[in-house]
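**Student:** Have a look; sequence and predicted model below, questions after that.
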Amino acid sequence: MKEITNFINGEFVATGNWFDKRSPYDGKLIARVAEAGRAEVDAAVTAAQAALRGPWGRLTVADRVEMLHAVANEIERRFEDFCEAEMTDIGQPAHFIRHVDVPRGAANFKIFADVIKNVPTEFFEMATPDGRGAINYSLRAPVGVVAVICPWNLPFLLMTWKLGPALACGNTVVVKPSEETPQTAWLLAEVMQKVGVPKGVFNVVNGFGPDAAGEFLTMHPKVDAITFTGETRTGAAIMKAAAEGARPVSLEMGGKNAAIVFADCDMDAAIEGTLRSSFANCGQVCLGTERIYVERPIFDAFVKRLKEGVEKMTPGLPDDPASGMGPLISQEHRKKVLSYYRIAVEEGATVVTGGGIPVMPEPLQGGSWIQPTIWTGLPDSATVLREEIFGPCCHVAPFDTEEEVVMRANDNPYGLASAIWTTHLQRAHRMAGAIQAGIVWVNSWFLRDLRTPFGGSKQSGIGREGGVHSLEFYTELKNVCIKL
Ligand code: NAD
């Protein structure tokens, strides 16, 4: 069995306390993880602060860029190890991990290294009373020690999405991976060590959130900025922690995203896209669509075809090519999702398909498997249409007019993403403007260019990351004025 340790000041550090990491697909113990306490978190933050003043802080941008490319290359060299770690941590089908999660992890280091290398600076000439004038230009300085708090749903992709820009901008980091998915951060520590990233630049502390490593880290006075991905409630707690010392936060939080399907859509594309947007990663994607609105003339046909698609999603192990879906991350999360399955029925939903636990062969019975589920027949006020479930389920409702569907889609506390399916050009643009969300996809879903802004509106987030937008958070923009 693996023993996963913390990584502090360039060293792998065990502690007296261990917690268990269990497999989502059979419930067996796959690793024990060294839990960081206050002392380890303090050591990690102190090391990160010292590294800022040490060799890392003195590197030129070109040297930093070269080092981040070396990190990406080493991830690519150890591609199989990262895939294996991610598959055993989250249990999802191999093709997603191999084609999205791990490659994106490596790309996050390259893209942001290139962004920082190519970012232009502002320059202004100004007049002065003595006629000699002055020039102004801006410099980007690192923010300092950045705490990176990560979720479990796409662990490697989402962790590196923060680390790439944070390190490219010259910061040092202390990462707190989710307690559910400790493996890839640990592997990344080996990569950092191998390519010679200076001690203290990248640190990992393992553990839980409240009154544990997560809170010790976000409350630590030497942390200069906090970047977080996770639930909205946790984001609010982190914002409170950041208020102490008035430190900046970047929050990527929950969603209750709507897909809107017009009668003029390409039906095949809309079905294929909705099957992915509602059920990929067993529905554990922040950008996933749990609310589907379908224009009335195609409503019945759409529900029928979605049902057929869902019923072909056979649950299975990650490396089984026939597997259409993995399990949920944990038994605890399954309890939460099943409680929503019950509430939907209590509130009057028609269960089109699913609604329970699939029968799995004996060795997998200890896993957190769940049936993908479609409901119809609920009003927009129903609990499963208001709250984020984060499971493989969606509610499909008919609508009659564009104005009506805009109002219904926007009537929700979240505003992360939306998918619009239509072949009507003007309507596509009108809808893109009217929907309250940080990201609107038209005739696609999860099509991501890493240079574009990413983040949520309303309770789905604060701030935007991606491309040059990440620099707003990970650097201090400094104006230099030189009198000539
Ligand atoms: P979570 O909020 O439970 O945990 C996220 C991280 O925060 C974990 O590392 C956890 O240990 C830590 N944490 C918990 N309480 C804390 C506290 N008080 N102080 C400091 N750290 C604390 O989220 P999760 O269940 O891991 O992830 C699922 C959620 O993440 C969903 O709501 C999903 O929508 C959201 N998410 C959002 C995005 C996005 O980009 N907007 C992306 C992925 C996931």
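**Tutor:** Received it, and whenever you're ready, just let me know what you need.
**Student:** quick one: contacts for Ile374?
**Tutor:** Listed by Cβ atoms under 8 Å, 6 or more residues apart in numbering, the contact partners of Ile374 are Val303, Leu306, Lys307, Val310, Val351, Val352, Thr353, Gly354, Cys393, Cys394, His395, Val396. Backbone N, C-alpha and C define where each C-beta goes, glycine included.
**Student:** swap that for Leu447, sorry
**Tutor:** By Cβ under 8 Å, 6+ apart, the contact list for Leu447 reads Trp441.
**Student:** any idea how far the ligand is from it?
**Tutor:** In this view, Leu447 and the ligand are 15 Å apart by Cβ to the nearest ligand atom, to the nearest Å.
**Student:** In terms of helix, strand or coil, where does that residue fall?
**Tutor:** coil (DSSP: H, G, I helix; E, B strand; the rest coil).
**Student:** For it, give its distance to Ile90.
**Tutor:** To Ile90, Leu447 is 22 Å away according to Cβ to Cβ, to the nearest Å.
**Student:** Next: Pro210.
**Tutor:** Here Pro210 is placed at a distance of 23 Å from Ile90 (Cβ to Cβ).
**Student:** rewinding a little: ok, and the most crowded of the contacts of Ile374?
**Tutor:** The member of these that has the most neighbours, counting by other Cβ atoms under 10 Å, is Cys394 with 29 neighbours.
**Student:** And the pLDDT at the spatially most central residue of the chain?
**Tutor:** In the chain, the C-alpha nearest the mean C-alpha coordinate belongs to Leu158, at 4.2 Å (Cα atoms, centre = their mean). Here the pLDDT value assigned to Leu158 is 97.
**Student:** With Ile90 instead?
**Tutor:** Reading off the confidence values, Ile90 has pLDDT 96.
**Student:** show me the residues around it that make contact.
**Tutor:** Shown in contact with Ile90 (Cβ under 8 Å, 6+ apart): Pro24, Ile97, Trp152, Asn153, Leu154, Pro155, Thr181, Asn281, Gln284, Gly326, Ile329.
**Student:** Grab the nearest non-local neighbour of the first one.
**Tutor:** It stands for Pro24. Gly91 (3.8 Å; Cβ to Cβ, 6 or more residues apart in numbering).
**Student:** ok, now the fourth one?
**Tutor:** Spatial nearest neighbour of Asn153, excluding adjacent residues (Cβ to Cβ, 6+ apart): Gln284 at 4.3 Å.
**Student:** Tell me both backbone torsions, phi and psi, for that neighbour.
**Tutor:** Note on Gln284: its backbone torsions stand at phi -100, psi 60 [degrees, to the nearest 10].
**Student:** wait, doesn't it sit right on Ile329?
**Tutor:** Yes. Using Cβ atoms under 8 Å, Gln284 makes contact with Ile329 at a distance of 6.5 Å.
**Student:** so what sits against both of those two?
**Tutor:** The contact sets of Gln284 and Ile329 overlap at Ile90, Asn153 (Cβ under 8 Å, 6+ apart).
**Student:** Please list the residues of the stretch 101-250 of the chain that sit near the ligand.
**Tutor:** When proximity is defined by Cβ under 6 Å from any ligand atom, the stretch 101-250 of the chain lies next to the ligand at 149-153, 158, 176, 178-179, 208-210, 214-215, 218, 229-231, 234, 237-238.
**Student:** Please narrow these to those residing in strands.
**Tutor:** Ile149, Lys176, Thr229 (DSSP state E).
**Student:** got CSV for those residues, with pLDDT and neighbour count too?
**Tutor:** Shown next, in CSV, are these (pLDDT from 0 to 100; neighbours: other Cβ atoms under 10 Å):
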residue, pLDDT, neighbour count
Ile149, 98, 27
Lys176, 98, 30
Thr229, 98, 25
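**Student:** Closest one to Gly433 out of these, please.
**Tutor:** Nearest to Gly433 among those is Thr229, at 27.0 Å by Cβ to Cβ.
**Student:** So the closest one sits against Val249, correct?
**Tutor:** No. Thr229 lies out of contact with Val249 (Cβ under 8 Å); the separation is 11.6 Å.
**Student:** quick one: common contacting residues for the two?
**Tutor:** With Cβ under 8 Å, 6+ apart, Thr229 and Val249 have no common neighbours.
**Student:** So for whichever helix or strand Trp56 is part of, what gets flagged as buried?
**Tutor:** Using DSSP states H and E, Trp56 maps to helix 55-58. Across helix 55-58, burial judged by 16 or more other Cβ atoms under 10 Å covers Trp56.
**Student:** neighbouring contacts of that helix?
**Tutor:** By Cβ under 8 Å, 6+ apart, helix 55-58 touches Ala51, Arg64, Pro142, Gly170, Thr172, Val197, Pro198, Gly200, Val201.
**Student:** okay if I get the residues you listed as a markdown table plus neighbour count?
**Tutor:** Shown next, in a markdown table, are those (neighbours: other Cβ atoms under 10 Å):
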| residue | neighbour count |
| --- | --- |
| Ala51 | 24 |
| Arg64 | 20 |
| Pro142 | 21 |
| Gly170 | 21 |
| Thr172 | 29 |
| Val197 | 23 |
| Pro198 | 18 |
| Gly200 | 27 |
| Val201 | 26 |
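**Student:** among those residues, which are in strands?
**Tutor:** Per DSSP E, the contacts of helix 55-58 map to strands at Pro142, Thr172.
**Student:** Which one of the contacts of helix 55-58 is nearest to the ligand?
**Tutor:** Of all those, the one with the least separation from the ligand (Cβ to the nearest ligand atom) is Thr172, at 18.9 Å.
**Student:** I'd guessed the closest one sits against Val197; true?
**Tutor:** No. Using Cβ under 8 Å, Thr172 makes no contact with Val197, being 9.9 Å away.
**Student:** what are the ranges of the strands in the stretch 51-200 of the chain?
**Tutor:** Using DSSP state E, counting those that start in this stretch, the strands of the stretch 51-200 of the chain run over residues 123-126, 134-142, 145-149, 172-176.
**Student:** If you count neighbours, what's buried in the longest one?
**Tutor:** Of the residues in strand 134-142, Arg140, Pro142 count as buried by neighbour count, 16+ other Cβ under 10 Å.
**Student:** That strand - which strands sit beside it in the sheet, and in what orientation?
**Tutor:** strand 123-126 (antiparallel), strand 475-483 (antiparallel) (DSSP bridges).
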